[in-house]
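Asker: make a model of this:
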Amino acid sequence: MFAFGYALVPLYDLVCESLGINGRVKLEKSVALPTEIKPFEVTLQQLAQAVDQGWTIVAKTPKKTIMTQTKYTEVYLITNQLNVARKGRAVPSVNPIAAAGHLKKIECFCMDILDFKAKETKEVYVTFYLDKDLSPEVQEVTLAYSFFDAK
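Answerer: Numbers count the residues shown, from 1 in each chain. The predicted structure follows:
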């Protein structure tokens, strides 16, 4: 049984590589790198969803054009719609996967558990930049948050 599981690893790698979902970097034999990497425009799409009932979360600016290598602070509004105090937490996601490692968060509301009074709305912030190594082929980046009850 162990040998069978061990033999599946190369097959898994092959399937993931053919589907483009393995998240590994392919090494090129020879690449001419530019001496200076200039900032370029990227469309930022911000999505948010409340997973548990009684929450709303929305980005103040759902879509905008940003530049790589420039710091931005974006605002989200989160509302506890219930008549009881409670805690919540956001879980981030970045797409496409090629951009995930290049979106660098300096500060984010997703790093904390947030306390809310009954019916309270809060403005929360994420400060980030897209680093210089993001491929110019990436023209749109989606920053998404799922908001949950925190236990």
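Asker: quick one: residues contacting residue 121.
Answerer: Contacts for residue 121 (CB atoms under 8 Å, 6 or more residues apart in numbering) come out as 77, 78, 79, 80. C-beta here means a position set from N, CA and C on the backbone, and glycine is covered the same way.
Asker: save those as JSON lines, and put in secondary structure and distance to residue 92 too.
Answerer: Below are those laid out as JSON lines (DSSP: H, G, I helix; E, B strand; the rest coil; distance: CB to CB, whole Å):
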{"residue": "77", "secondary structure": "strand", "distance to residue 92": "16"}
{"residue": "78", "secondary structure": "strand", "distance to residue 92": "14"}
{"residue": "79", "secondary structure": "strand", "distance to residue 92": "19"}
{"residue": "80", "secondary structure": "strand", "distance to residue 92": "20"}
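Asker: can I get the buried part of those residues as one ChimeraX selection?
Answerer: Provided next is the ChimeraX selection string for whichever of the contacts of residue 121 are buried by 16 or more other CB atoms under 10 Å:
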select :78,79,80
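Asker: the closest residue to residue 135 other than its chain neighbours: neighbour count?
Answerer: Spatial nearest neighbour of residue 135, excluding adjacent residues (CB to CB, 6 or more residues apart in numbering): residue 98 at 6.2 Å. Using other CB atoms under 10 Å, residue 98 is surrounded by 16 other residues.
Asker: residues contacting the residue nearest the centre of the chain?
Answerer: Nearest to the mean C-alpha position of the chain, by CA atoms, centre = their mean, lies residue 94 at 2.5 Å. If you count contacts by CB under 8 Å, 6+ apart, residue 94 has them with 100, 103, 141, 142, 143, 144.
Asker: let me know the helix or strand that it is in.
Answerer: Counting by DSSP states H and E, the element that carries residue 94 is strand 86-95.
Asker: circling back to that earlier point, got TSV for the contacts of residue 121, with distance to residue 119 too?
Answerer: Below are the contacts of residue 121 laid out as TSV (distance: CB to CB, whole Å):
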residue	distance to residue 119
77	14
78	12
79	8
80	6
